[in-house]
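>>> need a 3D model of the following:
(one chain, ligands or ions: 1)
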Amino acid sequence: MSVIFLDNAATTPLEPRVKEEMIRMMENFGNPSSTHLNGRSAKVEVELVRKRIAKTIGALPGEIFFTSGGTEADNMALFCSVRDLDVKRIITTPIEHHAVVHPVEFMSERGEIEAAYLKVNEYGDIDLEELELLLKEGPKTLVSLMFANNEIGNFNPVKDISDLCQQYDALFHSDTVQAMGHLPINVIDTKYDFLTCSAHKIHGPKGVGFVYVRSNLKIKPLIQGGAQERNMRAGTENTIGICGLGKAFELAIDGMAEDQRKVEELKKYIIKEVQLIVPEVKFFGRSGELDKSLYTVLNIAFPKLNNEMLTFALDIKGINVSGGSACNSGSSHGSHVIRALGSWTANYQPVRVSMSKFNTKACADRFLNAVREIYNTQVEC
Ligand SMILES: Cc1ncc(COP(=O)(O)O)c(C=O)c1O
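Presented below is the predicted three-dimensional model:
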């Protein structure tokens, strides 16, 4: 039985051209910190990737720092702004990724910051008026609100958030891990102080990403050691990973319009068909609304089955989807994002279908047929 992979918000398959680029770089074993020719040639490769990424998002090369992925990038933005930039309060929501939620909880429990959580409604929307009210008073603040949610796909109004942050002199960190490479993101049109990216969400390798840090922000390294990354992130660079990230980023940007068109069609198709098979389905957050959510993410709220094991039943049929985010898959607590949408969610099972350019209509049909079979053989609660 072939396996259908519809869990691309958890991770994406490596693009063959990214793999080729990484294999090419494996031949170049230089340490970018070495000053001899062997080291310099590795350094050139790393700097080329930095320059290309910076140019694409309207940043300066010196504002891009390579990290071990999205989690480290988010941690760097949060911990460094508290330690080095006098931030005393972080405003966020309960539906951020754990890479944001947990550092904020950690610092708040230690008394280092005040954590303020914006309310989200049953669709996962924030209220800008509530944000403005909070920003009007209070200590030096970092606002940490993601560009697009990894579980329900919702967009936050990042331009409006950024404008408010400027008006009230707050810093703005946006976790752009699910959006970078899928949608145009530019630090000139919207003023961000920190942005984050993870290569494995855009058909690149795992364990590599970057953080954008606006050049006027003087932070110190989170990871201490050598002077790599202009003294901002110690540790010998993951040169193969960085070149893989560079290629994945370039391919994502070049193919963005076409990939969006293709994946959006698939999402529209699943939305329409799944409602014919199980008319009681709903969609979590804004994921059922094309203009309000990531085209890659559809989180379907299925009425609960007797055995409550829908994702397991799908897995048996060779369909890889997620019941929460990948980071929650080993947890018995369910998804913190779905829970935050209100008590009504307890009667539904989330099935997050997340798509990539490698999915076809045949993949969608395999998923839909599996749902049909499961629902036809089960008696609902
Ligand atoms: C929104 C968001 N932020 C951060 C991360 C963490 O990225 P990484 O897996 O590269 O550490 C993820 C990964 O699932 C994510 O979806």
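
>>> show me where the stretch 51-200 of the chain has strands.
Along the stretch 51-200 of the chain, counting by DSSP state E, counting those that start in this stretch, strands occupy 64-67, 89-92, 114-117, 141-144, 171-174, 194-198.

>>> highest mean neighbour count out of those strands?
Of the strands of the stretch 51-200 of the chain, the one with the most neighbours on average (mean count of other CB atoms under 10 Å) is strand 194-198, at a mean of 29. Quick note: C-beta positions are derived from backbone N, CA and C, even for glycine.

>>> for that one, which helices and strands make contact with it?
Secondary-structure packing of strand 194-198 (3 or more CB pairs under 8 Å, 6 or more residues apart in numbering; DSSP states H and E): helix 70-84, strand 171-174, strand 209-213.

>>> V297 is nearest to which of the strands of the stretch 51-200 of the chain?
Of all the strands of the stretch 51-200 of the chain, strand 194-198 sits nearest to V297, with 15.2 Å by CB to CB.

>>> now do the buried residues in the lowest-mean-pLDDT helix or strand in the chain.
Lowest by mean pLDDT, DSSP states H and E among the helices and strands of the chain is helix 310-316, with a mean of 93. Along helix 310-316, these residues count as buried under the neighbour rule (16 or more other CB atoms under 10 Å): L310, T311, A313, L314.

>>> any chance of a markdown table for those residues, columns distance to the ligand?
Below are the buried residues of helix 310-316 laid out as a markdown table (distance: CB to the nearest ligand atom, whole Å):
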| residue | distance to the ligand |
| --- | --- |
| L310 | 21 |
| T311 | 17 |
| A313 | 24 |
| L314 | 20 |
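
>>> which bits of this structure sit near the ligand?
Contacts of the chain with the ligand, taken as CB under 6 Å from any ligand atom, map to 69-71, 74, 97, 99, 146, 150, 175, 177-178, 198, 209, 325-326.

>>> one more time with 8 Å, if that's ok
Applying CB under 8 Å from any ligand atom, one finds that the chain approaches the ligand through 9-11, 68-74, 96-100, 146, 148-150, 175, 177-178, 196, 198-201, 206-207, 209, 325-327.

>>> comparing the helices and strands packed on strand 194-198, which comes out most buried?
Mean neighbour count (mean count of other CB under 10 Å) peaks for strand 209-213 among the helices and strands packed on strand 194-198, with a mean of 28.

>>> dump that one to PDB, keeping only the CA atoms.
Listed next in PDB are the C-alpha coordinates belonging to strand 209-213 (Å, rounded to 0.1, in the frame of the first residue of the first chain):
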ATOM      1  CA  GLY A 209      16.700  27.800   9.600                       C
ATOM      2  CA  PHE A 210      17.300  31.500  10.300                       C
ATOM      3  CA  VAL A 211      16.200  34.400  12.400                       C
ATOM      4  CA  TYR A 212      15.900  37.900  11.000                       C
ATOM      5  CA  VAL A 213      16.900  40.500  13.500                       C
END
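
>>> can you tell me the strand partners of that strand and which way each runs?
Strand 209-213 pairs in its sheet with strand 64-67 (antiparallel), strand 194-198 (antiparallel), by DSSP bridges.

>>> let's have those in JSON lines, adding mean pLDDT.
Below are the strands paired with strand 209-213 laid out as JSON lines (pLDDT from 0 to 100):
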{"stretch": "strand 64-67", "mean pLDDT": "98"}
{"stretch": "strand 194-198", "mean pLDDT": "98"}
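
>>> can you lay out those as CSV showing distance to I338?
What follows is the strands paired with strand 209-213, written out as CSV (distance: least, CB to CB, whole Å):
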stretch, distance to I338
strand 64-67, 28
strand 194-198, 22
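
>>> those strands: which one's closest to K282?
Closest approach to K282 among the strands paired with strand 209-213 (CB to CB): strand 194-198, 29.3 Å.

>>> next one: that closest one to chain centre, how far?
8 Å (CA atoms, centre = their mean, to the nearest Å).

>>> now do it and helix 70-84, the angle between them.
Using axes from the mean of the first three to the mean of the last three CA atoms, to 10 degrees, the direction of strand 194-198 lies 160 degrees away from that of helix 70-84.

>>> contacts only, for E151.
9, 95, 284-285, 297, 299, 324-325, 335, 337-338, 350, 352 (CB atoms under 8 Å, 6 or more residues apart in numbering).

>>> switch the cut-off to 10 Å
9, 95, 97, 124, 178, 284-285, 287, 297, 299, 322, 324-325, 328, 335-338, 340-341, 350, 352, 354 (CB atoms under 10 Å, 6 or more residues apart in numbering).

>>> what's the answer for R214, then?
With CB under 10 Å, 6+ apart, R214 has these contacts: A59, L60, E63, L171, F172, V187, K191, Y192, D193, F194, L195.

>>> looks like I95 contacts I126 (just checking).
Yes - I95 is within contact range of I126, at 9.0 Å (criterion: CB atoms under 10 Å).

>>> so which residues of the stretch 251-381 of the chain form helices?
Remark: helices assigned in the stretch 251-381 of the chain by DSSP state H, counting those that start in this stretch are 256-277, 310-316, 336-340, 361-376.

>>> tell me the most buried of those helices?
helix 336-340 (a mean of 22).

>>> neighbours around the closest residue to I152 other than its chain neighbours, how many?
Residue nearest to I152 in three dimensions, not counting chain neighbours: G285, with 2.7 Å by CB to CB, 6 or more residues apart in numbering. G285 has 28 neighbouring residues, counting by other CB atoms under 10 Å.

>>> just the one 4 residues further on next, same as before
Look at E289: counted by other CB under 10 Å, it has 14 neighbours.

>>> the one 10 residues further on too?
Neighbouring residues of N299 were enumerated by other CB under 10 Å; the total is 32.
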